[in-house]
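Undergrad: Quick one: sequence plus predicted model below, questions after.
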Amino acid sequence: METNRVVLDTDVIINWIIQEIETVSGKELWKAPYEIVRQVENKSVFGIISLTTLMEIRFLLRRKKSYAVQQIEDDISRLTSIFDVIIPDEISLLKANTLQAEYFLDPFDSIHLSLCIGLKPITLISRDKDFIKISKQFIIVFECQTPVSLIKIPPASGSPS
């Protein structure tokens, strides 16, 4: 069976969860992620999220957005009901360490990219221009601003997990 697999960067998921609107332009940053999540819910694509991404989301919502603990846990539960959760293994973490040593990546992005490399073919969607530039050296990446109809998610052979 062929499955199209997609991973959303943490910033894209946060945009969707908090229905973020860019302050200067008024652009609704949550709309493109919403469309992608809808495709995952409709099983048009297979959505993957890592445990470390869930941890980063929890951290950002607590510290940066001051969300209530129950709301955060409800959002995490919603994500785990929509996306397949993967847990980084020691090989992924070692690869992440190498990536971080070679490129200007924060720990979460290095783990995220390492997991994506191990899951190829896969499509990563992000808003982080620096992360996109580095990731494009290894995998297919689209900016979240790209219209959903133009995002090409490659099929992967076999079972998605």
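TA: Done, it's in.
Undergrad: ok, now which ones touch Thr80?
TA: Contact analysis of Thr80 by Cβ atoms under 8 Å, 6 or more residues apart in numbering lists 49, 54. All C-beta spots, glycine's among them, are computed from the backbone N, C-alpha and C.
Undergrad: which stretch of helix or strand covers it?
TA: helix 69-82 (DSSP states H and E).
Undergrad: and that helix, which residues are buried?
TA: Using 16 or more other Cβ atoms under 10 Å as the test for burial, helix 69-82 gives 72, 75-76, 79.
Undergrad: Same question for stretch 134-141.
TA: Result for stretch 134-141 [16+ other Cβ under 10 Å]: buried residues 134-135, 139-141.
Undergrad: quick one: average pLDDT of it?
TA: Average pLDDT, stretch 134-141: 94.
Undergrad: Other residues contacting that stretch?
TA: 103-105, 113, 116-117, 120-126, 132, 152-154.
Undergrad: Got phi/psi on Lys43?
TA: phi 70, psi 20 (degrees, to the nearest 10).
Undergrad: I meant Val7, not that one.
TA: phi -130, psi 130.
Undergrad: Just the pLDDT at it, thanks.
TA: The predicted local confidence for Val7 is 92.
Undergrad: Please tell me how far Val141 sits from Ile86.
TA: 18 Å (Cβ to Cβ, to the nearest Å).
Undergrad: end to end, how far does stretch 34-51 reach?
TA: Using Cα to Cα, to the nearest Å, the gap from the first to the last residue of stretch 34-51 comes to 21 Å.
Undergrad: tell me the mean pLDDT for that stretch?
TA: Here the average pLDDT along stretch 34-51 is 90.
Undergrad: any low-confidence regions in this structure?
TA: Low-confidence segments of the chain, defined by pLDDT under 70, span residues 1-3, 146-161.
Undergrad: any chance you could map the strands in it?
TA: Assignment of strands within the chain using DSSP state E yields the ranges 2-8, 46-50, 84-86, 123-126, 140-143, 155-157.
Undergrad: Reformat those as JSON lines; add distance to Glu28.
TA: Below are these laid out as JSON lines (distance: least, Cβ to Cβ, whole Å):
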{"stretch": "strand 2-8", "distance to Glu28": "17"}
{"stretch": "strand 46-50", "distance to Glu28": "21"}
{"stretch": "strand 84-86", "distance to Glu28": "27"}
{"stretch": "strand 123-126", "distance to Glu28": "16"}
{"stretch": "strand 140-143", "distance to Glu28": "16"}
{"stretch": "strand 155-157", "distance to Glu28": "30"}
